[in-house]
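Colleague: got a predicted structure here, sequence first:
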Amino acid sequence: MSPLSITGQSLLARRDFMFDASRGLSGLALASLLAGDGQLRASDDAKRPIRPSVRPDAPLAARESHFTPKASRVVMIFCTGACSQLETWDYKPELVKRSGQPLPGNEKLVTFQGENGNLVAPQWEFKPRGESGKMISELVPNLAALADEMCFIHSMTAKSNTHGPAENQMSTGFTLDGFPSIGAWVSYALGSDASDLPSFVAIPDPRGVPQAASNNWNSAFLPAVFQGTPFNADKPIANLTRPPEISAPTEAATRDFLKRLNARHLELHPGDTDLAARIASYELAAKLQLRAAEVSDLSGESLETQTLYGLHDANKTKAGFGRNCLLARRLLERGVRFVQLFNGAYAMGEGVGNWDGHKTLKAQYEVHGPILDQPAAALLRDLKRTGLLEDTLVVWVTEFGRMPTFQKGASGRDHNPKGFTAWLAGAGVKRAFSYGATDDFGHQAVDKVSSIYDLHATILHLLGLDHERLSVYHNGIERRLTDVHGHVLHDVLS
Amino acid sequence: MTRRFLIALVLASNLATGGLAAERPLLPPATSREIDFVRDIQPIFRARCLSCHDGAKQRGGLRLDLKSAAFKGGETFAPAIIPGKSADSPLVRLVAGLEEGLQMPPEGERLSSEQVGLLRAWIDQGAKWPDEVAGKEDAELHWSFRPVKRPALPSVSRETAAGLRNPVDAFVALRLEEPLALALSPQSRGEGTEGRIVPSAEADRMTLLRRLSFDLVGLPPTPDEVAEFVADARPDAYERLVDRLLASPHFGERWARHWLDVVRFAESDGFETNQPRPNAWPYRDYVIRTFNDDKPFMQFVTEQLAGDMIGVDEATGFIVGGTYDRVKSPDPGLTAQQRADELHDMVSTTGSAFLGLTVGCARCHNHKFDPISQVDYYAMKAVFAGVQHGERPLTQIKPDQHREQLTRVKAELDEIERALWTFEPLARLQPGDSMRPAVQRRTNIDRFAPTRAKFVRFTIDETNGGSQPCLDEVEFFTTEAQPRNVALATHGTKVTSSSDLPGHEIHQLKHVNDGRYGNSASWISNEPGRGWVLFELPEAVEIDRVLWSRDRPADGKFGDRVATKYRLEMGMTAESLHVVATADDRQTFGSAVAPQSARATSNEQDQAEANRLLARQVSLNETLRQLTTLPQVYAGRFVAPEPTHRFHRGDPLQPKEPVAPASLASFGPAWQMPLDAPDASRRQQLAQWITDPQHPLTARVLVNRFWHSHFGQGLVTTPSDFGRNGAMPSHPELLDWLAMELASPKSLHRLIVTSATYRQNSAARADAMQADAGTRLLWRYPPRRLEAEPLRDAILSVCGNLDDRMGGPGFDLFEPNTNYVKVYNSKREFGPADWRRMVYQAKPRMQLDDVFGQFDCPDAGQITPKRTSSITALQALNLLNSRFIVQQSSLFASRLEREAGPDVIAQVRRAYSLAFLRLPTDDEQIAATQFVNDHGLTALCRALLNANEFLFVF
């Protein structure tokens, strides 16, 4: 669907969009950025970088994938602060048995916060779930009940053991600041079917933004149009609504007046597509105002659905996260391409606002577990019953794992990037499947060791994108989400 | 038909008709000796072939500077060199003149028979081209790696010449005169459109003024400036305008912002905590000043790398302008990684900003495209091994004015101290109702009736804790109008004691009257709990007070060995001393000491005076602190360099051999320093190398940045990558010619903006758009959407609210927040404090503000040599609905009422003049007046600020 009015279309029809975007459009840096720079050196055509051809007047219009996709859209549930694999998905009977003993071979191990004490059994009991009998802890009983939908990757590894860089890596592929988010990449590659909503939405936790804040959804050196739009059920898109001192008739008249100003100006400057693109952006903005208000209004959802998500729960944070989960579903069903759904906020005291359980893990996870569990499970359940899960990929991640030991003199676990769990569900992935493994204590990945690059490569693959070819030229390098790494985890594909 | 096709046809027909055999005898014979490529062949290529067949030009698609390319051959015949068959090799046939009309080189002297013979022998002997030379030559001869040479001015047709204003135009015209396809893609086969694009006519004056204003100072012109310039009939009106704008202090503000993008400047750490750097702004001011002062660029480079050595401390803010992870850990792996990342940022930014080289790519392995080895990377990393993130005091020598103020403040403080003594109670020798303050570690004062004396003895009978007593200084003052301390050894006073603690340099008898305070210059007796010192003055004087202390400085730490019981005696001889003060009328040691004002209880007047003096003392002490505390600047801390090792695959936990600071081996004049070279000399050496006139990249990279900012697109469209993966220059000769003109940056700007090329109009002519929509050939001035900064500045300026104060700490677009992980919430309400130019926004890293961030503001996580330019729905929403816009619209309306009076027609005229720099047409006037009557003046203002006419520069 074109975001242009009849006027806009007639103005544009003249010739302005006849040019192949790959040759650059008049004055528009966007087009030349995406197409022109750099001397492509790849000699092998099959590996030649693919830079999507972006229409300046509709940069978010849907674009072809590289090959037939299994998934049309993605929701990435990101538990920030490093959610312990040992209290959730990674069942280690040996850890229970050897609780209180030193971690063999690592008696003097210094991790992020310092020295470690002895091995400590999971703080919640594990039970077999679903038909598959997958062992999952009592911390997340509602999610556990959906074990048969999930495809676990137990052998995840991260490059950094500190939150900022590690969150950066999970969201952008790079530990450093300033690289495009996976959502921005997907948005750049595929645009979106939601012509009047952003193609990439970041939903921060009700308690606040995550630790690496906007770097999780920035577009970095991709054009700003691909940046994630941050809003949640309680905090709408910035500057979305008409200012209170402007009446509806004045607003309408102003828009009209502006349209005439711009139309006259365009007539005096025919052939410059940016002008038309900007006219189009105001029409899109008007639609976005209506649509964003509509998508954020949860009151039309049935009481049953609201209750499923925990919207009426006495726990205000849980209800808030529930609203965010419901918002995520509503965005996905309206065609938003990529939704980042955060559970956990910035550090407001260690482990207070997120999963960073260094010192008093049990007490803190007793708070965080319930906030996550029912609403996130409701989202998965709801996607399934509405059929959206057929072509929606659900990804659950955290930036790294935690140690099987408690920290010396404390009752919590330190950072551990050497082994942790992520899971996928929905479009294109195996159900009730577990891939890779950590050692007997859940410390280090030992079987089918996987990286965040691999996870990203797999997500792109499910969207029909070749992670080795999707690229943008930035300062001398054909940049990729997966840098020069990454292998699609073919074993997890259905 | 192009020349290339002609060559192909002629050659093909000759080869086909078998005319070859008959011509063979005409070929000079092959030289009979053994040929060495480097000695015999390369000089011929260099002298006669490379000017058209190298990385920069490649006429006919042939390159002879690169082994691989040379053997591949040209476009119309390949290969050009057939090893073993010199007579069949097109290279030989063309240089020997065997093909009529196809003599190579096409101009100048033919190759001599001897030279042809050498070429033949080389080919017949197998055309051996050693790989070492292939690699090295390859490195040197990529177009940007070759030395900059001033190219000859091109000759163009008479009709073209008429339209030229300066040499810039000649180079641009040259490309426009070439067949189109060749001009557009000199490296590629010329297919497609023949014909030419003609340049565009000069833009009208209002357009030129608006373009120049935004380009040079980042602000719109005023209606008065428009009227003046349009009416200026002088032939050099435009040049005068250029000079005025280049002289404006706003020029530096506009152009500093471009540079700050390139060097990823921001005022917070980034990563998780993203804490502000409140003292990073001096670097921004430095850059602004640099551009305004027209500082030679090479000096600018040097200062940013080693400014601490030449009195420009804040300039090294460049080195540490990037991210810094404040989260520290005992984990050595994490610590090593963090340090490696910090240094990586310094290396990559230096490489890309000044040299246009992606040196950072060689962190884990040799550069994939450019001749930068992994060792090169670590050699440059070693240059920065002594640089730490953080603040350091500005060490510039203070101006005289400052020194004078310091002297004045110190003198007044002395005076106040002396005046305050007069409020100390007199010693009474026995306990009474009001006791004197308890003895302290710091200054104790004993006042007594004026006493004439030649001898003074201080006897200690008890200390707190019972150990040997300590005195850091004893002073006694004359009763003169300007009291003098006559205890000083420098006054001639001699001192003896009961005993001295042996064996300590810092505890000696001489320290008791040496004028130095503190434990480290003090006397200690050798008797537990007791001891005395006796002073003999050169002559008897009248004394009325003694000051003494144990460890006087405010930050002293020693509170032991304090004389809690003592006697002070005086007399004309050592044998006739009498007691003038003791501790008997003092409060018990350890009692709280009341402030001096409270002690002056004799009368209210005294108390008031004491209070006044004390208040003045507090204020002067603060002034003193400020004067003596050097301002801090986030410009890095310099320490002894840590050892640098090559890291296997870039992994800091796999250090290999040590690497010394050195130049990149393949560029410019090579140098290497010892492994233990001190920090500053490393950075100075690097700066010297980068700024060496022989360095092929530095000047080219900079002039291209200028061009990029003037036209929205560089002659090289990858401004921070001039390597092989970067773009080829659209006008290589122009780039080199400009690089030679770099001595004064402002002259270079002037040259560019006074060219006819720059002054063209922006009309998107259909024929030219069809062929060159990207305007690579510069057939018009490419129009652009304003970037975030000039947009915000223009709104403030047009609405009448721009605060154009320069320099100093920036304003904050975010609400205050003190969480240890800084939380950024955009401000909702704005006041005059936020209405400075956006370059002065205290710019956090990663976090973009809610209104202008959407306009492709760089996040400063990585460098931004070239901004993206999006057009988005969220931009529209921000410009329509943000509090900022609503507020400015309303202030714009007030301005119009103020300046145009109550008449709506006049208000509309003024509004158009300010926002669009023109008057409304009749139709517009009618429509706008109606609109204002129906919806108010503020609504009109809001619409104008959203208009394309306001946001685009033509």
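Modeller: Noted; the coordinates are in hand.

Colleague: name the nearest residue to the residue of chain A found nearest chain B, sequence neighbours excluded.
Modeller: Here chain A gets closest to chain B at one residue, residue A:178, 1.9 Å apart by CB to the nearest CB. Where C-beta positions appear, they are placed from N, C-alpha and C, glycine not excepted. In space, and not counting its chain neighbours, residue A:178 is closest to residue B:861: 1.9 Å by CB to CB, 6 or more residues apart in numbering or on different chains.

Colleague: from memory residue A:448 sits against residue A:434, does it?
Modeller: No. Contact between residue A:448 and residue A:434 fails when scored by CB atoms under 8 Å: they sit 10.2 Å apart.

Colleague: between these two, who's got more neighbours?
Modeller: Between residue A:448 and residue A:434, counted using other CB atoms under 10 Å in any protein chain shown, residue A:434 has the larger neighbour count: 22 against 15.

Colleague: hang on, the more buried one in a strand?
Modeller: Yes. Counting by DSSP: H, G, I helix; E, B strand; the rest coil, one finds residue A:434 located in a strand.

Colleague: which residue is nearest the centroid of chain B?
Modeller: residue B:318 (4.0 Å; CA atoms, centre = their mean).

Colleague: one step back: show me what contacts the residue of chain A closest to chain B?
Modeller: A:215, A:218, A:220-221, B:264, B:323, B:846, B:859-862 (CB atoms under 8 Å, 6 or more residues apart in numbering or on different chains).

Colleague: mind listing the strands in the stretch 601-750 of chain B by residue range?
Modeller: Assigned strands in the stretch 601-750 of chain B, in chain order: B:632-633, B:637-638, B:645-647, B:655-658 (criterion: DSSP state E, counting those that start in this stretch).

Colleague: my guess is the residue nearest to the centre of chain B contacts residue B:284, does it?
Modeller: No. Counting by CB under 8 Å, residue B:318 stays clear of residue B:284, with 10.9 Å between them.

Colleague: that older thread, distance check, the residue nearest to residue A:178 against residue B:869.
Modeller: Applying CB to CB, to the nearest Å, the value for residue B:861 to residue B:869 is 19 Å.

Colleague: equivalent analysis for residue B:142, please.
Modeller: Remark: distance between residue B:142 and residue B:869 (CB to CB) = 29 Å.

Colleague: next: residue B:442.
Modeller: To residue B:869, residue B:442 is 65 Å away according to CB to CB.

Colleague: could you check which of those two is surrounded by more residues?
Modeller: residue B:869 (24 against 17).

Colleague: so which helix or strand takes in the residue positioned nearest the centre of chain A?
Modeller: By CA atoms, centre = their mean, chain A has its centre lying nearest to residue A:340, at 3.2 Å. Here residue A:340 sits within strand A:338-343, counting by DSSP states H and E.

Colleague: same question, residue B:172
Modeller: Counting by DSSP H and E, residue B:172 is found in helix B:167-177.

Colleague: how far off centre is that helix?
Modeller: 34 Å (CA atoms, centre = their mean, to the nearest Å).

Colleague: which intervals of the stretch 151-300 of chain B have sub-threshold pLDDT?
Modeller: Within the stretch 151-300 of chain B, the stretches with pLDDT under 70 are B:179-195.

Colleague: near chain A, which residues of it are found?
Modeller: B:264, B:270-274 (CB under 8 Å from any CB of the partner chain).

Colleague: the residue nearest to the centre of chain A touches residue A:198, doesn't it?
Modeller: No. Using CB under 8 Å, residue A:340 is not in contact with residue A:198; the gap is 11.7 Å.

Colleague: give the residues shared as contacts by those two.
Modeller: Residues touching both residue A:340 and residue A:198 (CB under 8 Å, 6+ apart): residue A:228.

Colleague: tell me how many other residues crowd residue B:934.
Modeller: 12.

Colleague: of all of the stretch 251-400 of chain B, which residue lies closest to chain A?
Modeller: Counting by CB to the nearest CB, the stretch 251-400 of chain B gets nearest to chain A through residue B:272 (3.2 Å).

Colleague: test my guess that that residue contacts residue B:822.
Modeller: No. Between residue B:272 and residue B:822 there is no contact under CB under 8 Å: 9.4 Å.

Colleague: ok, now which ones touch the residue of chain B found nearest chain A?
Modeller: Using CB to the nearest CB, the closest approach of chain B to chain A is made by residue B:861 at 1.9 Å. Residue B:861 is in contact with A:176-179, A:215, A:218, A:220, B:264, B:270, B:323, B:845-846, counting by CB under 8 Å, 6+ apart.

Colleague: shouldn't it be within a strand?
Modeller: No. With three-state DSSP as the criterion, residue B:861 is assigned coil and is not in a strand.

Colleague: for it, give its distance to residue A:476.
Modeller: For residue B:861, the distance to residue A:476 equals 17 Å [CB to CB].

Colleague: for the residue of chain B closest to chain A, give me the pLDDT.
Modeller: Per-residue pLDDT puts residue B:861 at 92.
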